[in-house]
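Participant: need a structure here:
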Amino acid sequence: MKKLCWLVCFALIALNGSAQNYHVIDSLSRLLAADQEDTNKVRHSMAIADAYVWSYPDSAFIYAQPSLQLARKLGDELGEIYNLGTLGYIFSMRRNDSLALATIFKSIHMAEKANDPRSRLYSYSDAAVVYYNIGEYRESLKYCNKLLPISSSDLVKLEFTYTYIGKCYYGLNELDSSIHYLQLAKEKDEGVKFNWNAPDLFLGHVYRKKGNYSLSLNYYRTSVNAALYQDYILKDVIEGYIGMAKVFKETNLTDSSLWYAKKAISLADPHSFPSENLDACILLKDIYTSGHQIDSAFKYLELTLSLKDSVFSQEKNRAAQNLIFTEQQRQQDIEADKLQYKNSIKIYALLGGLAVLLLLAVLLLRNNRQKQKANHLLQQQKVKVESTLQELKSTQAQLIQSEKMASLGELTAGIAHEIQNPLNFVNNFSEVNTELIAEMKEEINKGNIEEVKAIANDIEDNEQKILHHGKRADSIVKGMLQHSRVSTGQKEMIDINALADEYLRLSYHGMRAKDKSFNVVIKTDFDSNVEKINLVPQDIGRVLLNLFNNAFYSMMQKKIEAGDSYEPAVWVTTKKVDSKIEIHVKDNGPGIPEKVVDKIFQPFFTTKPTGQGTGLGLSLSYDTIKAHGGKIRVETKEGEGAEFVILLPTK
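Facilitator: Below you'll find the predicted structure:
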């Protein structure tokens, strides 16, 4: 019975486009008078409101509002969604935009929550109309596009959808697209003989904008005749008259323009159709102004200003109404959601509690049986673990010290080579001075004062050179002592370029001390913009020394295999990037095999033969850089070399 009632009602609503519209309303009114407070009454009220909405929105409101309240009382969700849409039409036609949107949002929310195609069809149609009426054409298009897949099997709804897509493109001034969709709507209309006048009305608007006045007038007349045939769809009749008046004004047919504009204003009630009434007043004001009919122009100017003021004043009241309406709706939603949430929580809590109790019972039973055995086993394991942990800590300390001593050994070899050079200078100049002093004594005995002065000057120069190279040797020794002593962890402002250069030379000379035949091309590129940074010099020095030693070692191994055709080379560069300093150490050695790249920073992992490496160098380097707030990574290609990149923060 309920399904049959739906079919009857919507068949009657569809007859809104027939010449028997008032007979339909009379029939529905008789049915409504006999209805009890049930869904039949909701449907009949909806059908009457829908029949009135485009011509007499006040009458439509009288039926839609009680129908909405009854639908809510009965829990009739589909009836509520449909009535909300009708009210949204009415509010938007009255230019109560905020209330129209609040109403339509409620309809959309309910339809999407219901997940029913029929509900979404009605709700999205309403949203498209409301957004168009308030001038939000892009939003209207969005809902039209949502409608297309839903309405594809319903020619009437498909005609509606194509019409509103065309209207939106007209509003966006994309006239060719507008014509395309309005023509599609007319094609669908021919299939259902619905005789809807809206496509013709807006084709009139489009062709008027394009300057094709003859075609525009044809479409306007067709639209107005269809609207009058459809028992006076008043909104479209008024809009058609205004469109024709604008065509006649633009073609300088003033009398015809005045006739249609006055006809429109006589039909356009300022309360029900404020936008159309205002549009007609402005048109009449402009016509009389251009004709220098000052009194008439002034009359319609006053009407225009009065209507604008009225709309503006009403908007303030409507904003307050909207806040009340929105708050009421929000509170209703909150209360409904709270009730549903509480009920859900109670059910889930009960089920969860039962599940937890059951699980606890099983676990307690199982744990009770194993408790004593587990405690005894845990006590034994605890003693064993504590002993093992102590041994591991001791072993770790020994290994770290071993790695540091290995690093010191590498460094010492380099320092020995470095210190030999200034010592040679000191010895050589000392021997020269001894000879010069003997020669000076001879010249003194001869009384040759000038020659004595010259020899004394040479001795003085040599002493300066001895002093210079002595200080150089002293600085090298101090550097070795600084590296060898245990780090205090105290940070200092250090020139990273100088630190990298110093350890690069020491590492290279250390390698040369092991193998005199080993030669490497060293290329450095230190960024002069790199300022001093705060770090622990001994720790960073060990990291750099480890990277340099690894590079030289790998190239030495490749040299043994490749022979004289291979020329080892290492590149060391620094550069400042944003708030970080990058240090690159690159070699053209054999590279790192892809299968072990992910393991190289792991403790005790080494690619060197047994006995030649502890596997702690890169692991300690990784930890050191991380402790300084930096990062270290490797880029390698097997057979072509490897590049380590250190990133250190400047602050």
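
Participant: so where do the strands sit in this structure?
Facilitator: For the chain, the strands defined by DSSP state E cover 492-494, 521-526, 533-535, 569-577, 580-587, 631-637, 641-649.

Participant: I294 is nearest to which of the ones you listed?
Facilitator: strand 569-577 (75.0 Å; Cβ to Cβ). (Each C-beta comes from the backbone N, C-alpha and C, glycine too.)

Participant: For the closest one, buried residues please.
Facilitator: Within strand 569-577, the residues scored as buried using 16 or more other Cβ atoms under 10 Å are 569-574, 576.

Participant: Equivalent analysis for stretch 55-62, please.
Facilitator: For stretch 55-62, by 16+ other Cβ under 10 Å, it's 55-57, 59-61.

Participant: Looking at the residues you listed, which is nearest M555?
Facilitator: P57 (89.4 Å).

Participant: isn't that closest one right up against Y89?
Facilitator: Yes - between P57 and Y89 there is a contact at 7.5 Å, judged by Cβ atoms under 8 Å.

Participant: re earlier: which member of the buried residues of strand 569-577 is positioned nearest L155?
Facilitator: Checking those one by one against L155 (Cβ to Cβ), the nearest turns out to be K576, at 70.2 Å.

Participant: Write down the beta-bridge partners of the closest one, one by one.
Facilitator: Beta-bridge partners recorded for K576 (DSSP bridges): I581.

Participant: That one touches V530, doesn't it?
Facilitator: Yes - at 5.2 Å, K576 counts as touching V530 under the criterion of Cβ under 8 Å.

Participant: can you tell me how far A438 sits from E431?
Facilitator: 11 Å (Cβ to Cβ, to the nearest Å).

Participant: Likewise for E443?
Facilitator: Counting by Cβ to Cβ - E443 and E431 are separated by 19 Å.

Participant: higher neighbour count, those two?
Facilitator: E443 (17 against 11; other Cβ atoms under 10 Å).

Participant: Just the pLDDT for that one.
Facilitator: pLDDT, E443: 81.

Participant: Okay, it and K453: tell me how far apart.
Facilitator: Taken as Cβ to Cβ, the span from E443 to K453 is 9 Å.

Participant: do the same with M556
Facilitator: For M556 relative to K453 (Cβ to Cβ), the value is 55 Å.

Participant: any idea where the helices of the stretch 151-300 of the chain begin and end?
Facilitator: 155-171, 175-192, 198-209, 213-229, 234-250, 254-267, 274-290, 294-446 (DSSP state H, counting those that start in this stretch).

Participant: ok, residues contacting the fifth one?
Facilitator: By Cβ atoms under 8 Å, 6 or more residues apart in numbering, the residues outside helix 234-250 that reach it are 54-56, 93, 197-198, 201, 204-205, 208, 213, 216-217, 220-221, 223-224, 227-228, 254, 256-261, 263-264, 267-268, 273, 276, 279-280, 283, 286-287.

Participant: now do the second one
Facilitator: Contacts to helix 175-192, defined as Cβ under 8 Å, 6+ apart, come from residues 155-156, 158-160, 162-163, 165-167, 169-170, 195-196, 198-200, 202-203, 206, 209-210.
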